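**Q** Here is my input; please provide its structure:
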Amino acid sequence: MTALRRGIATILALAALAGVGFLYVRQLPQRSEPTSSATVSTRGGALVATVRGDPTSFNRYTTRGFPTLLVNLLTQARLVRINRLTDVAEPWLASEWTASPDGRSIALTLRPGVTWSDGAPFDADDVAFSFRAAYDQANGSVLAASLTVGGGAIVTTVVDPHHVKLTFPTPFAPGVRVLDALPIYPRHALQASLADGTFSKAWGLTTAPAGMPGLGPFVIESYTPGQRIVFARNPKYFRRDSHGVALPYLDRLTLEIVPDQNAEILRLTSGQADVLQSELRLQDYRVVKDAADQGRVTLVDVGPGFDRYVLWFNLGPNAARERAFLQADAFREAISLAVDRKAFADAVYLGAAEPSALPVPPANRAWLPDGVTPPAHDPARAAALLDGLGLVDRDHDGIREDASGHPARFSVLVQSGATAAEKGMQFVRDELAKIGIGLDVVGMDMPAVGARAEKGDYDAIYHHLLLSDRDPAGNLDWWLSNGDSHVWNPRQPKPATPWEAEIDAAMQQMAASPDPAARRQLFTNVQRIFLAHNPAIYFAAPRVYVATSRRVRGAAPALDAPQVLWAADELSAAPAAP
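**A** From the prediction side, this is the model:
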């Protein structure tokens, strides 16, 4: 799981559409094999996508940012891929696998005849190297937590050039799903840097494209900072469609770097861009709808999303101790109870969202808890909790104070220009004012928010979190107290609170259990504990809408980011009009 990321969920307002339907909303194909119909399999052509910022590195092993993740998705490959539509683990670089009955090991068979984009053969030593680099935190790896099972590393055994055995420290129910988190990197290109301690600097932004071989559908052709990244077709890519046609269909894909959302929408509706990577704001709907009416844009209703903003609090060692109420469970519970989530969804998303208070979004039905009632809107109960903390409006200015005179006020960092984030916290600010809590919404650029989060220099943050797997056991770095993405107090040497220790124990059991019913019950208990302490609060799950140009063929938009480019090798471009 990645702790902080640029928001990708596409949001449009249904309430604003009273009496007006989507002209180009369509059902999504459920597929796991590449399509090959005449409408999507045209070879050649190019598409233009947008991204809101530059990558900070091309090395996914040492960088969490979404631009780097996207570049990596286009240029690298995994042993196993989780299909974003079906949520099924698919053979990718590994053509097949066999799990041991005790859940402790997996025997992988690698796809034969695969070569890197520079012509070097891919084999089991690349797999072993990739695991070694992923666990080497001294070299700056950020992937170790995502590949940690039962507190330990996965042991890689090379059987022969085409067979690898993976052994888990403990039984691990998700099995091969964990492999979707690990892009396989070339041993022949990077082993020297890993050995001499310079791996963290490898594949920087000035690295020549030829020095970054990959197994993905594209290779980097050129990078112009602040402007664009151009990808060319990788002629050595291993996938073919059902008719034997080599993928990808596209010859070229360009990522235009467009920080301004107004400019991004203009590029889409004017035909300069084909695929967006950022959310469509509510105010963008009319422009996009007009373009759809004119046949220039396709709108797809993907459904209720997994992607949610979350408000989390700083419960780490650098939290503001002079305002001890910020660390009180009752204070955070009062905030949760004070917010009318239905009104939140209507005001922030104009109804294009579902109220969502549980740690699991409504779309992830398999893991919704049994017998757990989400917190209801109850401002009277919220006020009583604050009274119980000794927070009283002593000077009658509308804001409560503690016994030392500190006002019941806190600040929330949000990404500047992220409309849903800003509007969401403005709504919460107004709700909290009704019970005597002051909230200051502080807009900052994303690097500044990330820096403050890393230092623990904040009261609360409202931002997106990216789950790497719908199976909760695939997100242990979020749930476990020592995880990098345990955002309210990451990387704890030992659990700071008894309730976090309870979650640690339950999640470890849940990850190891082979019994689906037992796993569900354990995770239900985890959610009960979470809701009793509210280290992070959810309000709504917006519906996801994806807009693309009418030139895009073969798209299968998903709920997870990147909604279209997750299957970039199957995209093609409609022939230009004569």
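**Q** Could you pick out the longest strand of this structure?
**A** strand 540-549 (DSSP state E).
**Q** low-confidence ranges in the stretch 451-578 of the chain?
**A** Scanning the stretch 451-578 of the chain with the threshold set as pLDDT under 70 gives 466, 576-578.
**Q** And the helices in it?
**A** For the stretch 451-578 of the chain, the helices defined by DSSP state H, counting those that start in this stretch cover 476-479, 498-512, 516-533.
**Q** Could you identify which of those helices is most buried?
**A** helix 476-479 (a mean of 26; mean count of other CB atoms under 10 Å). Heads up, the C-betas are built off the backbone N, CA and C, glycines and all.
**Q** Give me the contacts around that helix.
**A** 1, 145-146, 148-149, 465, 467, 472, 483-487, 503-504, 507, 511, 526 (CB atoms under 8 Å, 6 or more residues apart in numbering).
**Q** if we can go back for a sec, would you list the helices of the stretch 451-578 of the chain in JSON lines and tack on distance to Leu368?
**A** What follows is the helices of the stretch 451-578 of the chain, written out as JSON lines (distance: least, CB to CB, whole Å):
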{"stretch": "helix 476-479", "distance to Leu368": "16"}
{"stretch": "helix 498-512", "distance to Leu368": "15"}
{"stretch": "helix 516-533", "distance to Leu368": "9"}
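**Q** Go through the ones you listed and name the closest to Asp102.
**A** Closest to Asp102 of the helices of the stretch 451-578 of the chain is helix 498-512 (CB to CB; 10.4 Å).
**Q** Now do the closest one and helix 516-533, the angle between them.
**A** 160 degrees (axes from the mean of the first three to the mean of the last three CA atoms, to 10 degrees).
**Q** so what does helix 498-512 touch, helix or strand wise?
**A** Helices and strands touching helix 498-512, as assessed by 3 or more CB pairs under 8 Å, 6 or more residues apart in numbering; DSSP states H and E, comprise helix 476-479, helix 516-533.
**Q** what would the ones you listed look like in TSV with distance to Ala324?
**A** Below are the helices and strands packed on helix 498-512 laid out as TSV (distance: least, CB to CB, whole Å):
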stretch	distance to Ala324
helix 476-479	26
helix 516-533	16
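**Q** mind listing what the residue of the chain positioned farthest from its centre touches?
**A** In the chain, counting by CA atoms, centre = their mean, Asp395 sits farthest out from the average C-alpha position, at 44.3 Å. For Asp395, the contacting residues are Glu401, by CB under 8 Å, 6+ apart.
**Q** can you check the one 3 residues further on too?
**A** Under the criterion of CB under 8 Å, 6+ apart, the contact list for Gly398 reads Ala433, Gly436.
**Q** Am I right that it sits in a strand?
**A** No. Checked against DSSP: H, G, I helix; E, B strand; the rest coil, Gly398 lies outside a strand; its state is coil.
**Q** Any idea how far apart the tips of stretch 83-98 sit?
**A** 19 Å (CA to CA, to the nearest Å).
**Q** What residues of it count as buried?
**A** Within stretch 83-98, the residues that count as buried by 16 or more other CB atoms under 10 Å are Asn83, Arg84, Leu85, Asp87, Ala89, Pro91, Trp92, Leu93, Ala94, Trp97.
**Q** quick one: contacts of stretch 112-131?
**A** Contacts of stretch 112-131 (CB under 8 Å, 6+ apart): 79, 93, 95, 108, 110, 147, 153-154, 156, 158-164, 182-191, 194, 210, 213-215, 219, 234, 236-238.
**Q** Send me it as CSV with only the CA atoms.
**A** Output of stretch 112-131 as CSV, limited to C-alpha atoms (Å, rounded to 0.1, in the frame of the first residue of the first chain):
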residue,chain,number,x,y,z
PRO,A,112,9.6,-19.3,-21.4
GLY,A,113,11.3,-17.2,-24.1
VAL,A,114,10.7,-13.8,-22.4
THR,A,115,13.4,-11.2,-22.9
TRP,A,116,14.1,-7.7,-21.5
SER,A,117,13.6,-4.8,-23.8
ASP,A,118,17.4,-4.7,-24.4
GLY,A,119,17.4,-8.3,-25.5
ALA,A,120,18.8,-9.9,-22.4
PRO,A,121,17.0,-13.1,-21.3
PHE,A,122,14.6,-13.0,-18.3
ASP,A,123,15.1,-15.9,-15.9
ALA,A,124,14.7,-16.9,-12.2
ASP,A,125,17.8,-15.0,-11.2
ASP,A,126,15.9,-11.8,-12.0
VAL,A,127,13.2,-12.8,-9.7
ALA,A,128,15.6,-13.5,-6.8
PHE,A,129,17.4,-10.2,-7.4
SER,A,130,14.1,-8.3,-7.3
PHE,A,131,13.1,-9.8,-4.0
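**Q** that older thread, and the residue farthest from the centre of the chain, what helix or strand is that in?
**A** Under DSSP states H and E, no helix or strand contains Asp395.
**Q** chain center to stretch 311-331, what's the gap?
**A** 26 Å (CA atoms, centre = their mean, to the nearest Å).
**Q** how about the CA coordinates for that stretch, as PDB?
**A** Extracted C-alpha coordinates of stretch 311-331, given in PDB (Å, rounded to 0.1, in the frame of the first residue of the first chain):
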ATOM      1  CA  LEU A 311      -9.200  12.100   7.700                       C
ATOM      2  CA  TRP A 312      -6.400  10.800   9.900                       C
ATOM      3  CA  PHE A 313      -4.900  12.200  13.100                       C
ATOM      4  CA  ASN A 314      -1.300  12.500  14.300                       C
ATOM      5  CA  LEU A 315      -1.100  10.000  17.100                       C
ATOM      6  CA  GLY A 316       2.700   9.700  16.900                       C
ATOM      7  CA  PRO A 317       5.400  10.900  19.200                       C
ATOM      8  CA  ASN A 318       5.600  14.400  17.600                       C
ATOM      9  CA  ALA A 319       1.900  15.100  18.200                       C
ATOM     10  CA  ALA A 320       0.900  18.300  20.000                       C
ATOM     11  CA  ARG A 321       0.900  17.200  23.600                       C
ATOM     12  CA  GLU A 322      -0.300  20.600  24.900                       C
ATOM     13  CA  ARG A 323      -3.600  19.800  23.300                       C
ATOM     14  CA  ALA A 324      -4.000  16.300  24.800                       C
ATOM     15  CA  PHE A 325      -7.600  16.100  23.700                       C
ATOM     16  CA  LEU A 326      -6.400  15.500  20.100                       C
ATOM     17  CA  GLN A 327      -5.100  12.100  21.200                       C
ATOM     18  CA  ALA A 328      -8.400  11.200  23.100                       C
ATOM     19  CA  ASP A 329     -10.600   8.500  21.500                       C
ATOM     20  CA  ALA A 330     -13.700  10.400  22.700                       C
ATOM     21  CA  PHE A 331     -12.600  13.600  20.800                       C
END
